[in-house]
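K.L.:
need a structure here:
(2 chains)
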Amino acid sequence: MSMFKIFDISGSAVSSQSQRLNTVASNLANVDTVAGPDGKAYKAREVTFQTVLMNTGDGSPGQGVRVSGVTEDQSPGRKVHDPANPSADADGYVTYSNVNAVDEMVNMISASRSYQNNIEVMNTAKTLLMKTLQMGQG
Amino acid sequence: MNRMTNSLDFQAQALTLRAERQRIIAGNIANADTPGYVARDMDFAAALREATGNQAAGSMMTGQMGTSPGQIPIGTGSTTELGLKYAAPSQTSLDSNTVDMDRERASFVENSVKYEATLRFINYDVRNMLDSMKSPSQG
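P.N.:
Modelled structure (predicted):
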């Protein structure tokens, strides 16, 4: 029954999107993180998606999605001149994380919309399967 | 007996194909954010003709598609080994993903309504058959 595979396909997408949402949460939480004693500030993380072929049992491909990796944004952190700050370096600059809050918000909205889409796909598939179960009854 | 089940067989094939198409569209929606993913869809009418082995419709199809079965039909996108076609992108995106969410959502809803319609046809056929088997005294 190929319809059951929809739950695997959409399920993989939902879990990937929630992982994306997790990294967004982590990035937003660290938006004002200052570099520690080692001089390295928090680097924004981003997930990469990859299509994964699923075995559907009847030879036809089912295409799910998975997170192939989490990459760190290597751009330099935001530097603010604040000599009074205890974390300031010798020149009086404080290094913050390189998280761009606007990017993260956009990422968050996109992830949550995709999440909702896939949940709706699963709901529809469930309704159809329930109706299929009642086939011939009335 | 054959004539009684003919319609049921046809609807059963259609239902299987609808379920298949539902799965393909679910795959497209799942991969809406995957870089480089190419959206796919099924030519439902052609697939149904092929599945039900309709001779008249089959000859019409060869006229349309060319003489060789492996020939790529004229139109948007090429055919894969499973008869799936690649959707032509309506808008290009930087990550070369061709999933158009509006189109996929519309196809998904359309396909689920038609799946339900096919289910109703089957139920109607079954009820028809059961009714015709009843004796008049059973009401």
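
K.L.:
which stretches of the chain have low pLDDT?
P.N.:
Assuming you mean chain A. Residue ranges of chain A with pLDDT under 70: A:1, A:37, A:39, A:56-61, A:138.

K.L.:
hmm, I had chain B in mind actually
P.N.:
Looking at chain B by pLDDT under 70, you get B:1, B:54-83, B:138-139.

K.L.:
who in it is up against chain A?
P.N.:
B:15-16, B:19-20, B:22-23, B:26-35, B:37, B:82, B:101, B:105, B:108-109, B:112, B:115-116, B:119, B:122-123, B:126-127 (C-beta under 8 Å from any C-beta of the partner chain). From N, CA and C alone the C-beta is placed, and that goes for glycine too.

K.L.:
just checking, what packs against the longest helix belonging to chain B?
P.N.:
Counting residues, the longest helix found in chain B (DSSP state H) is helix B:101-133. The contact analysis (3 or more C-beta pairs under 8 Å, 6 or more residues apart in numbering or on different chains; DSSP states H and E) places helix B:101-133 against helix A:101-133, helix B:2-30.

K.L.:
redo the ones you listed as a markdown table? Include distance to A:D38.
P.N.:
Shown next, in a markdown table, are the helices and strands packed on helix B:101-133 (distance: least, C-beta to C-beta, whole Å):
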| stretch | distance to A:D38 |
| --- | --- |
| helix A:101-133 | 24 |
| helix B:2-30 | 40 |
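
K.L.:
just say which of those helices is most tucked in.
P.N.:
Mean neighbour count (mean count of other C-beta atoms under 10 Å in any protein chain shown) peaks for helix B:2-30 among those, with a mean of 20.

K.L.:
now the angle from that helix to helix A:101-133?
P.N.:
Using axes from the mean of the first three to the mean of the last three C-alpha atoms, to 10 degrees, the direction of helix B:2-30 lies 170 degrees away from that of helix A:101-133.

K.L.:
partner strands of the helix or strand following helix B:2-30, with direction?
P.N.:
Next along the chain after helix B:2-30, taking DSSP states H and E as the criterion, comes strand B:40-42. Each strand that pairs with strand B:40-42, with its direction, by DSSP bridges: strand B:84-86 (antiparallel).

K.L.:
residues from chain A in reach of chain B?
P.N.:
Near chain B, when you scan chain A using C-beta under 8 Å from any C-beta, you find A:1-3, A:5-6, A:9-10, A:12-13, A:17, A:20, A:48-51, A:56, A:60-65, A:110-111, A:114, A:117-118, A:121, A:124-125, A:127-128, A:131-132, A:135-138.

K.L.:
and the end-to-end length of stretch B:25-43?
P.N.:
With C-alpha to C-alpha, to the nearest Å as the measure, the ends of stretch B:25-43 fall 12 Å from one another.

K.L.:
same question but for stretch B:91-109, I mixed them up
P.N.:
Stretch B:91-109 has an end-to-end distance of 22 Å (C-alpha to C-alpha).

K.L.:
state the distance from the residue nearest the centre of chain A to A:S112.
P.N.:
Centroid check for chain A by C-alpha atoms, centre = their mean gives A:R20 as the closest residue, at 0.7 Å. Plainly put, A:R20 is 10 Å away from A:S112 if you go by C-beta to C-beta, to the nearest Å.

K.L.:
ok, back up a step: in the longest helix of chain B, which residues are buried?
P.N.:
B:104, B:107-108, B:111-112, B:114-115, B:118-119, B:121-123, B:125-126 (16 or more other C-beta atoms under 10 Å in any protein chain shown).
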